[in-house]
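[1] 3D model of this:
(one chain, ligands or ions: 2)
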Amino acid sequence: MSILRVTFLGTSAAQPTIHRNLSGIAVKADADLLLFDCGEGSQRQMIRYGTGFSVDAVFFTHFHADHYLGIIGFLRTLGMSGREHPLVLHGPAPAKRLLHQAVHLGVDALAFPVEIVELRDGDVVKRGSYQVRAVQVEHRVNALAYVLEEGARAGKFNVDRARALGVPSGPDFGRLQRGEAVVLPSGQTVKPEDVLGEPRSGRKLVVSGDTRPCAGLVEAAKGADVLIHEATFSDDEQARALETRHSTAREAGRVAREAQAQRLILTHLSTRHDTDPSRLLQQAKEEFQGAVEVAHDGLTFEIPLRE
Ligand SMILES: [Zn+2]
Ligand SMILES: [Zn+2]
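    Residues are numbered from 1 along each chain as shown. Ligands and ions are numbered 1, 2, ... in the order given. So this is what the prediction gives:
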């Protein structure tokens, strides 16, 4: 996988505001376009932020209305645009029942196939050069976080070493990089491990969905390049966080610290922090020394390959 690009479609909890739409994250992973949640209005945000509509798979974290009602209109738009390519919808139970309703709402049948796959803790969806793993989290309803992980890639090609071994530049370099041995005119065989460094680990992107801080997620997010964690509330709303099974920004910061994530992005803000999320940022920073930011709608970034 080369491209791993994240675009926030919506960053508000529970209800949309002028500045923030409901939850939705578009992820370009190689040739795939994925959605993590699809709150109402997500399709308009996709137009606004230029993600395109050719979504291959959707991963719902849970079925509170603010995380999935957007799929109804989006499916209709895809139907009208002549889509034939299948779409896979994933989510925790009762995904089958709720998404079946969403897919079949309305009088027109969809002209393209939609598959609904219910996931549980530990389930892995393999897609090309990467996989998406479901992790049980702790919310008021059955809820999952998702961990997108790519496989390790070959180590760095050592040109000097290859030349020293007598490998001519050109196609043989490519063969070695792809993991194939080459036989030199002298009859000597050069193996990939002779000229490649240690394999480089793949990237890891974690999306928490709605949750209390949770040990299973800390474990799953170990060493993540990017942890996207909900931060609905600030310290003075701790009681609300407990009651509604959400996290404060400080708790999100702790999760990032314990997971030793590289970068933490806070999202799913309650309306109180809509225009001024500085308190959330500050409280998360007090717990986590790595890079922290508060997402805004349209925030887009690429996760670079690990060296
Ligand atoms: Zn929510
Ligand atoms: Zn929720």
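[2] so what pLDDT did the residue in the stretch 201-307 of the chain that ligand 1 sits nearest to get?
    Residue nearest to ligand 1 within the stretch 201-307 of the chain: D210 (4.4 Å; CB to the ion). From N, CA and C alone the C-beta is placed, and that goes for glycine too. D210 is assigned 98 on the pLDDT scale.
[3] the nearest residue to it once chain neighbours are set aside and ligand 2: what is the separation?
    Closest residue to D210 apart from its sequence neighbours, by CB to CB, 6 or more residues apart in numbering: H139 at 4.7 Å. According to CB to the ion, to the nearest Å, H139 stands 5 Å off from ligand 2.
[4] burial measure for H139, as a count.
    Look at H139: counted by other CB atoms under 10 Å, it has 24 neighbours.
[5] cool, K126 as well?
    Count around K126 with other CB under 10 Å applied: 10.
[6] adjust the sequence numbering to begin at 25 for everything that follows.
    Yep, numbering from 25; the last one is K150 now.
[7] and it, what element?
    Using DSSP states H and E, K150 sits within strand 148-151.
[8] follow-up on the earlier one: OK, contacts around the residue nearest to D234?
    By CB atoms under 8 Å, 6 or more residues apart in numbering, H163 lies in contact with 86, 233-236, 269-270.
[9] one more: R296?
    258, 261.
[10] tell me the SS of it?
    helix (DSSP: H, G, I helix; E, B strand; the rest coil).
[11] do you know the pLDDT at it?
    For R296, the model assigns a pLDDT of 96.
[12] list the buried residues in the strand holding K150.
    Using 16 or more other CB atoms under 10 Å as the test for burial, strand 148-151 gives 149, 151.
[13] which residues does it contact?
    Here strand 148-151 has contacts from 53, 56, 80-81, 83, 114, 141, 143, 155-158, using CB under 8 Å, 6+ apart.
[14] and the stretch 175-324 of the chain, which residues reach ligand 2?
    By the rule CB under 5 Å from the ion, the part of the stretch 175-324 of the chain lying against ligand 2 is D234.
[15] and the closest residue in space to L266 that isn't next to it in sequence, what does it touch?
    Excluding the flanking residues, the one nearest L266 by CB to CB, 6+ apart is R236, at 7.6 Å. Counting by CB under 8 Å, 6+ apart, R236 makes contact with 161-163, 265-266, 269-271, 275.
[16] neighbour-wise, which of the residues you listed leads?
    S271 (29 neighbours).
[17] I'd guessed that residue sits against T235; true?
    Yes: proximity of S271 to T235 meets the contact threshold set by CB atoms under 8 Å, at 6.4 Å.
[18] what is in contact with those two at once?
    E254.
[19] now the helix or strand hosting E217: how far from the chain's centre is it?
    Element membership for E217 (DSSP H and E) is helix 216-219. Relative to the chain's own centre, helix 216-219 is displaced by 33 Å; criterion: CA atoms, centre = their mean, to the nearest Å.
[20] tell me the helices and strands packed up against that helix.
    helix 183-188, helix 195-201 (3 or more CB pairs under 8 Å, 6 or more residues apart in numbering; DSSP states H and E).
[21] of all the ones you listed, which one is nearest ligand 1?
    helix 195-201 (44.4 Å).
[22] list the helices and strands the closest one packs on?
    Packed against helix 195-201 by the contact rule (3+ CB pairs under 8 Å, 6+ apart) you find helix 183-188, strand 206-207, helix 216-219.
[23] rerun at 7 Å
    strand 206-207 (3 or more CB pairs under 7 Å, 6 or more residues apart in numbering; DSSP states H and E).
[24] sheet partners, orientation included, of the strand it packs on?
    Its sheet considered, strand 206-207 pairs with strand 213-214 (antiparallel) by DSSP bridges.
[25] quick one: mean pLDDT for the strand it pairs with?
    Here the average pLDDT along strand 213-214 is 94.
[26] could you give the separation of that strand from the chain centroid?
    Relative to the centre of its chain, strand 213-214 is centred 40 Å away, using CA atoms, centre = their mean.
[27] tell me where the chain has helices.
    66-72, 89-92, 94-104, 119-128, 183-188, 195-201, 216-219, 239-244, 262-268, 273-283, 302-309 (DSSP state H).
[28] same list, the ones you listed, but as JSON lines with distance to ligand 1 please.
    Formatted as JSON lines, those follow (distance: least, CB to the ion, whole Å):
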{"stretch": "helix 66-72", "distance to ligand 1": "13"}
{"stretch": "helix 89-92", "distance to ligand 1": "5"}
{"stretch": "helix 94-104", "distance to ligand 1": "13"}
{"stretch": "helix 119-128", "distance to ligand 1": "15"}
{"stretch": "helix 183-188", "distance to ligand 1": "50"}
{"stretch": "helix 195-201", "distance to ligand 1": "44"}
{"stretch": "helix 216-219", "distance to ligand 1": "47"}
{"stretch": "helix 239-244", "distance to ligand 1": "16"}
{"stretch": "helix 262-268", "distance to ligand 1": "9"}
{"stretch": "helix 273-283", "distance to ligand 1": "14"}
{"stretch": "helix 302-309", "distance to ligand 1": "15"}
